[in-house]
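Participant: Quick one, fold the following:
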Amino acid sequence: MQISVDKQVALVTGASSGLGYACAQALAAAGAQVVINYHSHAEPAEALAAGIREQGGQAIAVGADVSQEQDVEALLGATVDAFGALDILVANSGLQQDAPITEMTLEQWNTVLQVNLTGQFLCARAALRQFKRQGPRPWLSRAHGKIIHMSSVHQLIPWAGHANYAASKGGIDLLMRSIAQEVGEQHIRVNAVAPGAIATAINAETTQGEAGKRLLGLVPYGRIGEPQDVANAVVWLASDLSDYVHGTTLFIDGGMSLYPGFRDNG
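Facilitator: The predicted structure follows:
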């Protein structure tokens, strides 16, 4: 069976680069009308939207800061104004501001939690309200709406020097599962993906060259992931092929979450 989200409306936050970019591109290729959210980098988001339109798809780029309530409400409004509804939310926006715990500032802590965790709450809440307003769209999907949260292997694996990031991803796990528990009876599906080591432009220093070779020691499958690996999983979770999958985190990590350091009995 072919994976399809044909004619469904998908909003992907933080989609001007990296995983969000790949997810937006893959959803469009699977037939979705895509809203490409960006914060401060309009040009790549606009270029992606233009490329999708050139291929016969439908896409727009919309700027918004997902950590701000009014921006999220405006983003949902722009989505509905453009395409009339919302079927899929990929809550992807996130950032890192790393520091040892004794040197981490309150601003660094608050900024990461505000974007990575509060931003996902605001986007999920807005999407759920829209699903309720528009009602079911059974000619497009069995579910009455789908939310996919972008988490990380660090919702499970501690990460020294990145306490704010790891805390935000641990929070996403229980945020997702709590929302899923609450709205499942409304026939809305809520899941998450948890990428491991994925090669993107912003982490080239740790995924390529000698650093990349050392990183492979943490990946039993023996390769660094690519953004398309995550995007493929997101499209599947957004499609009816995963219609009985709810409240689950799908780890896309080549086995990193298996704690490979214990392969030889620790």
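Participant: Setting aside sequence neighbours, what's the nearest residue to residue 68?
Facilitator: Leaving aside its sequence neighbours, residue 68 sits nearest to residue 122 (Cβ to Cβ, 6 or more residues apart in numbering; 8.0 Å). All C-beta atoms are positioned from the backbone trio N, CA, C, and that covers glycine.
Participant: Contacts only, for that neighbour.
Facilitator: Neighbour list for residue 122: 66-69, 72 [criterion: Cβ atoms under 8 Å, 6 or more residues apart in numbering].
Participant: Quick check on these: which are buried?
Facilitator: With neighbours counted by 16 or more other Cβ atoms under 10 Å, the contacts of residue 122 contain buried members at 66-68, 72.
Participant: Mind putting those into CSV with pLDDT and secondary structure?
Facilitator: Supplementary listing: the buried ones among the contacts of residue 122 in CSV, determined by pLDDT from 0 to 100; DSSP: H, G, I helix; E, B strand; the rest coil:
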residue, pLDDT, secondary structure
66, 98, coil
67, 98, coil
68, 98, coil
72, 98, helix
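Participant: What about residue 242, how many residues nearby?
Facilitator: Residue 242 sits with 20 neighbouring residues when counted by other Cβ atoms under 10 Å.
Participant: Need the nearest residue in space to it, chain neighbours excluded.
Facilitator: residue 236 (5.4 Å).
Participant: which strands and helices sit next to the helix or strand that contains the one you found?
Facilitator: Here residue 236 is covered by helix 227-238, with elements defined by DSSP states H and E. Of the remaining helices and strands, those touching helix 227-238 by 3 or more Cβ pairs under 8 Å, 6 or more residues apart in numbering; DSSP states H and E are helix 18-29, strand 88-91, strand 146-150, strand 189-195, strand 249-252.
Participant: Name the stretch among the ones you listed that sits most buried.
Facilitator: Highest mean neighbour count among the helices and strands packed on helix 227-238 (mean count of other Cβ atoms under 10 Å): strand 88-91, with a mean of 29.
Participant: Quick check: which ranges of this protein have low pLDDT?
Facilitator: Under the criterion pLDDT under 70, the flagged ranges of the chain are 1, 266.
Participant: how does it look with 90?
Facilitator: The chain contains residues with pLDDT under 90 at 1-2, 200-214, 261-266.
Participant: got the buried residues for the lengthiest helix in it?
Facilitator: Once the chain is assigned using DSSP state H, the helix that runs over the most residues is helix 163-183. Judged by neighbour count using 16+ other Cβ under 10 Å, the buried positions of helix 163-183 are 163-173, 175-177, 179-180, 183.
Participant: With stretch 31-50 instead?
Facilitator: Using 16+ other Cβ under 10 Å as the burial criterion, the residues of stretch 31-50 that qualify are 31-39, 45-46, 48-49.
Participant: So which of these sit within strands?
Facilitator: For the buried residues of stretch 31-50, membership in strands holds for 33-38, with DSSP state E as the criterion.
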